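Undergrad: Please find the sequence and the predicted model below.
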Amino acid sequence: MLSVEGITVTYPSGTTALRDVTFDLDAGSICGLVGINGSGKSTLFKAIMGFVAPRSGTIRIAGLPVPTALRQGLVAYVPQSEEVDWNFPVLVEDVVMMGRYGHMGFLRRPSALDRAKVDAALARVGLADLRHRQIGELSGGQKKRAFLARAIAQEGRLILLDEPFTGVDVKTEAAIVELLGELRAEGRLMLVSTHNLGSVPDFCDRVVLILRTVLAAGPTAETFTQANLQRAFGGTLRHFRLEGASLHDDADARGLSVLTDDERPLVFYGDRASLAEAPPQTSDAAPADAPAAGEKP
Amino acid sequence: MSELLVPFAYDYMLKAMWVSALVGGVCAFLSAYLMLKGWSLMGDALAHSIVPGVAAAHLLKLPYAVGAFLAGLLAALGMALVRSRSKLREDAVIGIVFTAFFAAGMLMASLNPTSVNIQSIALGNILGISDGDARQVVVIAAISLLILAASWKDLMLVFFDEAHARAAGLRPELLNVLFFTVLSAMSVAALQTVGALLVIALVVTPGATAYLLTDRFPRLLAISIVLGVVTSFLGAYLSFFLDGATGGVIVVLQTLVFLAAFVLAPKHGLLAQRRLAAARDAGPPDPAARPDGEVPQGFVPRETGP
Ligand SMILES: Nc1ncnc2c1ncn2[C@@H]1O[C@H](COP(=O)(O)OP(=O)(O)OP(=O)(O)O)[C@@H](O)[C@H]1O
Ligand SMILES: [Mg+2]
């Protein structure tokens, strides 16, 4: 579905933000894109959207070169909040309707089908009641959902989400994650950049760790390991380790590692990843028997 | 009563009123976009940048509009180029490019004094416009209007979210160039109507007024255009009685409407905001405002926590 082959991106200022990046993703998957600030996550999105041209290497989406894929509306994009002009005079439903533009004719007149898809997308993210609000009059979490609704209405095969969980409470995050799960079941591919390490094993079945280049890519269970994360984050990752007498009364040799970037911490108990706040429920990546945090095993 | 109809008895007045209304309407169309991007001063910059084009056209015996349009386009693209290739902000870029063009124009005019009538460029002269010039203006405005009518939604998308516009299969660079070409062309047309000094008002005020009156772009566009057409038509009409510069009358009218909207607009006006603030202090909370935690029905979040 998405194949990135050896791309190198250099900005006009001379910064090489990505070097020889290669990975492959199939449809029907949620892939976490994880790396420190400045590791090149947004740059990778820009390259996939055709905003910056790689100096070398190729990107193919569903086997097509980027411009062709874009023209066919295969790629949907959920922007980072800072990129949006929240004072723009559009209502929530207008924003969602923008997702349908690629399906409309020359004069962009919405058909009954376009309207129905917009209604359905709004209902799906729970914004039907707020559809007549100006876009800036929503809360942070509602704004995210509005743009997610646009991506749903667009029916893109590849959905790019740049840090969809910043400024979103746990409940909305869970709701967004559930929605992403449904979209995966429909055979779409989602590429999600996030600093929210704790929830990565919860909803991503694949992970790409980047730091200017790809450090590791593959299924979450094999790739999202403590060793790889420490390579990706180096000293910037806060790391707490509890073991021995401070954790157990008996001679249990296992220790508890808490890794956190800035949001939900990631907990390693023994060698397995778990969640700090919630046990995984639907995720097929994290082991089902991992203990919840806070519980002293 | 019949005195009020006198302007309609003169051909030159009829011409002035219709041409002004057309130009005012198309400029108002553009104003709805310019204001949103913080590019409002672009209109002013273009109007000034046109001067060397006019002077050069005189020297080369080319039609006035051709030189003006080319100079305007060059300035617009120059601004876009400097903007994308440097970290300078819009205001600095606009300032640099348009003063350079204006200076070149003044220099050419001073070296070749008879070539350009700076007065008529600065203030416009719609009441005395020749048939040929009027025809030029009408053709420019009509073509601009056609282009805008066909692409207004695409332009809105590009102005709101370029990344998504790309994802929807649009070509943002192409649409941007199209927009600035139309803007340059309309600056030339507006120049002849209200003069270089006041072009800025035509491409800012109607959009800014409409912005206070609605939250929906299509409505904003409609309000803006109606304002542009009505004030320009009326301005030309009134200038017959006031014996004043048409551009001045038009812009004064637009400013009055803006002030009225600024105070009285139903949601974004001064009075409405005061009323809202008072209601918030006194009455029960707005029932429509719900905390984000209460997710509306139809959206069932998964249980979290053990
Ligand atoms: N427009 C630009 N011009 C020049 N350099 C840039 C530009 N945008 C980003 N960079 C540089 O490229 C590198 C990668 O930036 P990028 O925005 O892709 O990081 P990121 O992984 O998205 O970071 P964050 O987690 O902070 O969002 C950084 O070193 C940054 O300084
Ligand atoms: Mg980023």
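TA: Now that the structure is in, tell me what you want to look at. Ligands and ions are numbered 1, 2, ... in the order given.
Undergrad: what residues are up against the spatially most central residue of chain A?
TA: Taking CA atoms, centre = their mean as the criterion, A:Val192 is the residue nearest the geometric centre of chain A, at 1.5 Å. Taking CB atoms under 8 Å, 6 or more residues apart in numbering or on different chains, we find A:Val192 in contact with A:30-33, A:161, A:164, A:180, A:204. For the C-beta atoms, the positions are set from N, CA and C on the backbone; glycine is no exception.
Undergrad: List the beta-bridge partners for it.
TA: A:Val192 forms beta bridges with A:Gly32, A:Leu161, as assigned by DSSP bridges.
Undergrad: what about A:Lys41, how many neighbours?
TA: Number of residues near A:Lys41 (other CB atoms under 10 Å in any protein chain shown) recorded here: 24.
Undergrad: and if you look at A:Gly73?
TA: A:Gly73 has 19 neighbouring residues, counting by other CB under 10 Å.
Undergrad: phi, psi of it?
TA: Per-residue torsions, A:Gly73: phi 70, psi 30 (degrees, to the nearest 10).
Undergrad: got the contact list for it?
TA: Contact analysis of A:Gly73 by CB under 8 Å, 6+ apart lists A:102-103, A:154-156, B:167-169.
Undergrad: the helices in the stretch 51-200 of chain A, which residues?
TA: Remark: helices assigned in the stretch 51-200 of chain A by DSSP state H, counting those that start in this stretch are A:66-71, A:92-98, A:112-125, A:140-154, A:170-185, A:200-203.
Undergrad: so what pLDDT did the residue nearest to the centre of chain A get?
TA: On pLDDT, A:Val192 comes in at 94.
Undergrad: Equivalent analysis for A:Ala112, please.
TA: 93.
Undergrad: Could you do B:Pro301 as well?
TA: pLDDT recorded at B:Pro301 is 43.
Undergrad: Mind naming the longest helix for chain B?
TA: Across chain B, the longest stretch assigned as helix under DSSP state H is helix B:131-160.
Undergrad: So which bits of that helix are buried?
TA: Of all the residues in helix B:131-160, those buried under the rule 16 or more other CB atoms under 10 Å in any protein chain shown are B:133-134, B:136-138, B:140-141, B:144-145, B:147-148, B:151-160.
Undergrad: I'd like the mean pLDDT over stretch A:15-32, please.
TA: The pLDDT scores in stretch A:15-32 average 93.
Undergrad: An error on my part: the question was meant for stretch B:253-273.
TA: 89.
Undergrad: What segments of the stretch 201-306 of chain B are helices?
TA: Under DSSP H, counting those that start in this stretch, the stretch 201-306 of chain B gives helices at B:205-213, B:217-242, B:246-264, B:270-282.
Undergrad: Over to the stretch 51-200 of chain B?
TA: Assigned by DSSP H, counting those that start in this stretch, the stretch 51-200 of chain B shows helices spanning B:64-85, B:90-111, B:118-123, B:131-160, B:162-167, B:172-194, B:199-202.
Undergrad: How about the contacts made by B:Leu242?
TA: Contacts for B:Leu242 (CB under 8 Å, 6+ apart) come out as B:Val249.
Undergrad: mind checking how far it is from B:Gln254?
TA: 16 Å (CB to CB, to the nearest Å).
Undergrad: same deal with B:Cys27?
TA: Plainly put, B:Cys27 is 10 Å away from B:Gln254 if you go by CB to CB.
Undergrad: got it, and B:Ala9?
TA: Counting by CB to CB, the gap from B:Ala9 to B:Gln254 is 27 Å.
Undergrad: between those two, who's got more neighbours?
TA: Neighbours per residue, other CB under 10 Å: of B:Ala9 and B:Gln254, the larger number sits with B:Gln254, 27 against 9.
Undergrad: My reading is that A:Ile7 lies in a strand. Confirm?
TA: Yes - read with DSSP: H, G, I helix; E, B strand; the rest coil, A:Ile7 is one of the residues of a strand.
Undergrad: Go through the helices of the stretch 201-306 of chain B and pick out the most buried.
TA: helix B:205-213 (a mean of 25; mean count of other CB atoms under 10 Å in any protein chain shown).
Undergrad: got the angle for it vs helix B:270-282?
TA: In terms of direction (axes from the mean of the first three to the mean of the last three CA atoms, to 10 degrees), helix B:205-213 departs from helix B:270-282 by 20 degrees.
Undergrad: and the angle for helix B:205-213 with helix B:246-264?
TA: Counting by the same axes, to 10 degrees, helix B:205-213 lies at 10 degrees to helix B:246-264.
Undergrad: gap between helix B:205-213 and the chain center?
TA: 11 Å (CA atoms, centre = their mean, to the nearest Å).
Undergrad: and if you look at stretch A:174-187?
TA: Counting by CA atoms, centre = their mean, stretch A:174-187 comes out at 11 Å from the chain centroid.
Undergrad: And the residue of the stretch 1-150 of chain B closest to chain A?
TA: Residue nearest to chain A within the stretch 1-150 of chain B (CB to the nearest CB): B:Leu36, separated by 6.3 Å.
Undergrad: Great, nothing more from me.
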